[in-house]
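Undergrad: build me a model from this:
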Amino acid sequence: MASIARVHVPSGNRVLILTSIAVPLTGWTVHTVSLHRKLAAARRDPLTGLLGRDGYTTRARQITDRHGDHALVVLVDLDHFKEINDGPGGHAAGDCVLAATAQRLTAWAGSRGIVGRLGGDEFAVAVRVAPSRRELRLAQLVTLLAQPVEVEGGALVDVAASVGAASPDVIGTTDLSVLQRAADAAMYAGKHTGRAVLADRSHAAVASINGRRAGRAGTHT
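TA: The predicted structure is shown next:
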């Protein structure tokens, strides 16, 4: 029959032992949560290679907070994207257009910006741009996004995008959620016009649900 060894520990020492065990466990829990958050922030969209919403938001806030009036937040929606997906090339053509758009946005933002895919055919950019160069840079972006995309089989697909932008000095805040709401409203105001719209304070005051213009993705309660 196996014997059981019993160790008698004074009550004061028991508290010390339990505390000594609990501290490392607590530290490990905090480390695990921190690691999980970092991994979530770094997670990239498998199709485009861009950061997802959480990762983009973290990096974009750094840009708006750090660069203030020289920061620019841009929202981009592809026009008639459903028609591309439903066309002869199907979803494969749609995937090519999304990937090409991601590459073009990344090239446009360069080392001074960060690009994210918010979902579907919607993208966001936070970039450092001098106020005097905003209009020129946004016009360049619209031209770049309107270039046809070569899909499988060598066919060219015509694409276009709606672009809205917002800057802290015009909107009056570096709060990313407010800037994105204003950029979203500006983008909607310029839908299918072939030009980028730079938001003013009236765009920031547009009624929203969950921080987004009613009817946009993410506005469900």
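Undergrad: rest of the way, CA atoms for contacts and neighbours
TA: OK.
Undergrad: for residue 109, give me its contacts.
TA: Counting by Cα atoms under 8 Å, 6 or more residues apart in numbering, residue 109 makes contact with 115, 125, 126, 127.
Undergrad: nope, residue 76 is what I was after
TA: Contacts of residue 76 (Cα under 8 Å, 6+ apart): 122, 123, 124, 161, 162, 163, 164, 187.
Undergrad: quick check, the fifth one in a strand?
TA: Same thing as residue 162. Yes: assigned with DSSP: H, G, I helix; E, B strand; the rest coil, residue 162 falls within a strand.
Undergrad: thought it was touching residue 186?
TA: No: contact between residue 162 and residue 186 fails when scored by Cα atoms under 8 Å: they sit 9.5 Å apart.
Undergrad: following the strand or helix carrying residue 101, which helix or strand comes up?
TA: Per DSSP states H and E, residue 101 falls inside helix 90-109. Downstream of helix 90-109, the first helix or strand assigned by DSSP H and E is strand 113-119.
Undergrad: in that following strand, which residues are buried?
TA: By 16 or more other Cα atoms under 10 Å, the buried positions in strand 113-119 come out as 113, 114, 115, 116, 117, 118.
Undergrad: contacts for it?
TA: Identification of contacts with strand 113-119 by Cα under 8 Å, 6+ apart yields 45, 48, 50-53, 55-56, 59-60, 63, 102, 105-106, 109, 123-128.
Undergrad: so what's the closest residue to residue 150 other than its chain neighbours up against?
TA: Once flanking residues are discounted, residue 150 sits nearest to residue 156: 4.5 Å by Cα to Cα, 6 or more residues apart in numbering. Contacts here follow Cα under 8 Å, 6+ apart; on that basis residue 156 touches 148, 149, 150.
Undergrad: ChimeraX command for the buried members of the contacts of strand 113-119?
TA: The buried residues among the contacts of strand 113-119 can be selected in ChimeraX (16+ other Cα under 10 Å) with this line:
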select :48,50,51,52,53,55,56,59,60,63,102,105,106,109,123,124,125,126,127,128
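Undergrad: mind listing which of the contacts of strand 113-119 are in helices?
TA: Mapping the contacts of strand 113-119 onto helices (DSSP state H) picks out 53, 55, 56, 59, 60, 63, 102, 105, 106, 109.
Undergrad: turn the residues you listed into CSV, including distance to residue 178 and pLDDT.
TA: Conversion of the ones in helices among the contacts of strand 113-119 to CSV gives the following (distance: Cα to Cα, whole Å; pLDDT from 0 to 100):
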residue, distance to residue 178, pLDDT
53, 16, 94
55, 18, 96
56, 15, 97
59, 16, 97
60, 13, 98
63, 14, 98
102, 24, 98
105, 22, 98
106, 23, 98
109, 21, 98
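Undergrad: from those residues, which two are the most distant?
TA: Distance extremes for the ones in helices among the contacts of strand 113-119: the farthest pair is 63 and 102 at 19.3 Å, using Cα to Cα.
Undergrad: what's the spacing between the residue nearest to residue 53 when sequence neighbours are not counted and residue 158?
TA: Excluding the flanking residues, the one nearest residue 53 by Cα to Cα, 6+ apart is residue 118, at 5.0 Å. In this view, residue 118 and residue 158 are 22 Å apart by Cα to Cα, to the nearest Å.
Undergrad: equivalent analysis for residue 85, please.
TA: Distance of residue 85 to residue 158, given as Cα to Cα: 13 Å.
Undergrad: where does this protein have low pLDDT?
TA: 1-42, 207-221 (pLDDT under 70).
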